[in-house]
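*Asks:* Sequence below, structure please.
(chains A and B)
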Protein chains: 2
Amino acid sequence: MEKDNLKTEILKKEIVKIFKKFGLSNNHALISSNALINAELVGAYGHGLSRLKMYCNRISKNLINPKPKIKIKKLSQSISHIDADNSIGFVAADIAIKRAIQNAKKTGIGLVAVKKSGHYGLSGYYAEQAVKKNLITMIYTNAPPAVAPHGALKSLFGTNPICFGAPTSSKIPFILDTSMSMINRGKIRVAARNNKKIPEGVALDKFGKPTTDANKALYGVQLPIAGYRGSGLAWMVDILSGVLTGANHAGRVKDPFDDFTGPQNIGHLFITFKTNLFVNNYSSRIKDNIKRVKKLPKIKGIKEIMYPGQNKYKRFKMNFKKEIKISTIIKKDLEFLKK
Amino acid sequence: MEKDNLKTEILKKEIVKIFKKFGLSNNHALISSNALINAELVGAYGHGLSRLKMYCNRISKNLINPKPKIKIKKLSQSISHIDADNSIGFVAADIAIKRAIQNAKKTGIGLVAVKKSGHYGLSGYYAEQAVKKNLITMIYTNAPPAVAPHGALKSLFGTNPICFGAPTSSKIPFILDTSMSMINRGKIRVAARNNKKIPEGVALDKFGKPTTDANKALYGVQLPIAGYRGSGLAWMVDILSGVLTGANHAGRVKDPFDDFTGPQNIGHLFITFKTNLFVNNYSSRIKDNIKRVKKLPKIKGIKEIMYPGQNKYKRFKMNFKKEIKISTIIKKDLEFLKK
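*Replies:* All right, here's what the predicted structure looks like:
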């Protein structure tokens, strides 16, 4: 229905052109470009254009396969296994969520595991696709070492997000997409690039000392949310998306920015199921659920209790109408990559 | 193999006798007694004998059905829906996890939803059953209002634990069973009963002020872990175990201790799947995963990095050999209930 404004469309075409120049098919370039633009529009800049150069860099170093032979193995009507052949993560995830949707539509539940993939951006972006098809979804992915296990002085777990999506019977879906680290690695990168400080209590430097210096934090460890609980949840995500799927795990997922010793081999797990398996009035139940939470008395200064995904949707709506702002660094990246 | 020591066996028999006196079948009394004793042995006293009187109280008030007609609806080879007819939660959960195990063994994946259930103790207790059958499991349950949604001044979410179990190829399973509140409601209850303080930063009183007084916290709100992230995760658990299953949700689950206006109608969701769906060497992969985490450099004072479930297993092993200690209050409860 709605269209991107001109500048966004122009930018998207530029990115498609760049990805194609680096060997991606038109379709894969379009999928990847859409994901990057979406990240910009929802304000997740650490997953947006700031990564474009990195992707291209890994393609030219043969660490991302621009012409992957992706194998989809059907284990049952519900369960599929995808070997993404080191494709760019966006493409692997796009195929996987579509398959998970198909499987759930057929049998009520879908389970799709992916190995040999790469960084795919925001889990919530794929969750939205399932939710649009009126499915509930749970998505897990591992990531390069960033968070120290509880008690350890070295990073091993990735930011390992837990993502959950559910239809709300309104146009704004319930999309929880929460990293298990106190702060996103992407945000630290952006802060480092712009020489900005990071909040206190989210990271230690390489000597195990608290730091607010983004550059020091990149070489140190990020702290998990909620101490041992968050550490346990990040470990769970590593088992679900790494150990189970056949992908790298236990700290072996390579950092896409500075580890060129091999493909990332990230793993993902997608679970999908129908909302009406056990009740025939899911829509009115979820509506009622959200309404009751929103009606609670609020802490001073809070105007509205928001459900996960609501703020992101608002940002998207707002940014959609505006032109995408591009920093000088990213402008330089684009010029460099177009050459 | 191993046997409970005499005192534990005697205690178990006493509890079975009490439950039978209140109308439970021998089988249901045994299931419930085993769960309570297990909670004592792993040191989860808030889920143990301190609840016995509450259960009996609700049975005699017709809020727990001692002779439930539990209906199991088979939706597919993988998916089942259980109407627990307001049985004691232990029995509903026992049937559900066994069914989820069956379904996963048949098709690779099991999904079992339960409605009209009650408090079932520790999620991890059921996860252990699935893991013993070499399955991975994810278990969700809602609970009476205890945690304030982010931005709200009133509790609505329960402690809503996220539970995940995975075989480790050692005798100690990986069992993450983590409440979404900073502190378990059970622990606050035990503190209140014993006139002990609770830690700072875990609860507010009914006026929204921080408190360390357990009694005030019971009438106030518990804070979610990690702010908006934990609030979102607790909300997810309410959708999965309440909205989806047909059970109470959005703060309508009744507090078993002081709300006698109806059955609790708690909901649970059990997901199970085989470890070898996507890899044929899961055992060596999980062993390697745990080994690599344990080998990390440690924070000063930490002797070993533990995986979730390890400490609980140690406590169980230790307590198993000892007699169960019973407080004066619980002794009185037992005497009262036996009469």
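
*Asks:* count of neighbours near residue A:171?
*Replies:* 8 (other Cβ atoms under 10 Å in any protein chain shown). In this view, the C-beta of every residue, glycine as well, is placed from N, C-alpha and C.

*Asks:* my bad, should have said residue A:20
*Replies:* 16.

*Asks:* Just confirm it contacts residue A:26, I think it does.
*Replies:* Yes. Taking Cβ atoms under 8 Å as the definition, residue A:20 is a contact partner of residue A:26 at 6.4 Å.

*Asks:* And the strands in the stretch 1-150 of chain A, which stretches?
*Replies:* Under the criterion DSSP state E, counting those that start in this stretch, the stretch 1-150 of chain A contains strands at A:71-74, A:79-83, A:109-117, A:135-141.

*Asks:* oh sorry, the question was meant for the stretch 201-339 of chain A
*Replies:* Under DSSP E, counting those that start in this stretch, the stretch 201-339 of chain A gives strands at A:203-204, A:221-222, A:266-274.

*Asks:* Out of these, which is closest to chain B?
*Replies:* Nearest to chain B among those is strand A:266-274; the distance by Cβ to the nearest Cβ comes to 6.6 Å.

*Asks:* And residue A:91, how close does it get to chain B?
*Replies:* Distance, residue A:91 to chain B, using Cβ to the nearest Cβ, to the nearest Å: 19 Å.

*Asks:* Spit out the contact partners of that residue.
*Replies:* A:28, A:31-32, A:68, A:70, A:84 (Cβ atoms under 8 Å, 6 or more residues apart in numbering or on different chains).

*Asks:* And residue A:307, by the same measure?
*Replies:* Residues near residue A:307 by Cβ under 8 Å, 6+ apart: A:168, A:174, A:290, A:293, B:232, B:235.

*Asks:* Most widely separated two among those residues?
*Replies:* Largest separation among the contacts of residue A:307 by Cβ to Cβ: A:168 and B:232, giving 13.7 Å.

*Asks:* How about the residues of the stretch 51-200 of chain A by chain B?
*Replies:* A:75-76, A:78-79, A:81, A:107-109, A:111, A:113, A:115, A:136, A:148-154, A:156, A:162, A:164, A:166, A:174, A:176, A:178, A:182 (Cβ under 8 Å from any Cβ of the partner chain).

*Asks:* before we move on, the earlier item: could you dump the strands of the stretch 1-150 of chain A into JSON lines and include mean neighbour count and mean pLDDT?
*Replies:* Listed next are those as JSON lines, based on neighbours: other Cβ atoms under 10 Å in any protein chain shown; pLDDT from 0 to 100:
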{"stretch": "strand A:71-74", "mean neighbour count": "12", "mean pLDDT": "98"}
{"stretch": "strand A:79-83", "mean neighbour count": "24", "mean pLDDT": "98"}
{"stretch": "strand A:109-117", "mean neighbour count": "28", "mean pLDDT": "98"}
{"stretch": "strand A:135-141", "mean neighbour count": "27", "mean pLDDT": "98"}
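
*Asks:* Could you single out the most deeply buried of the strands of the stretch 201-339 of chain A?
*Replies:* When you average the neighbours per residue for each of these (mean count of other Cβ atoms under 10 Å in any protein chain shown), strand A:266-274 leads with a mean of 27.

*Asks:* out of the contacts of residue A:91, which are buried?
*Replies:* Buried residues within the contacts of residue A:91, defined by neighbour count using 16 or more other Cβ atoms under 10 Å in any protein chain shown: A:28, A:31-32, A:68, A:70, A:84.

*Asks:* closest to residue A:61 among those?
*Replies:* When these are compared for distance to residue A:61 (Cβ to Cβ), residue A:68 wins out at 15.4 Å.

*Asks:* In chain A, which residue is most central in space?
*Replies:* residue A:122 (2.1 Å; Cα atoms, centre = their mean).
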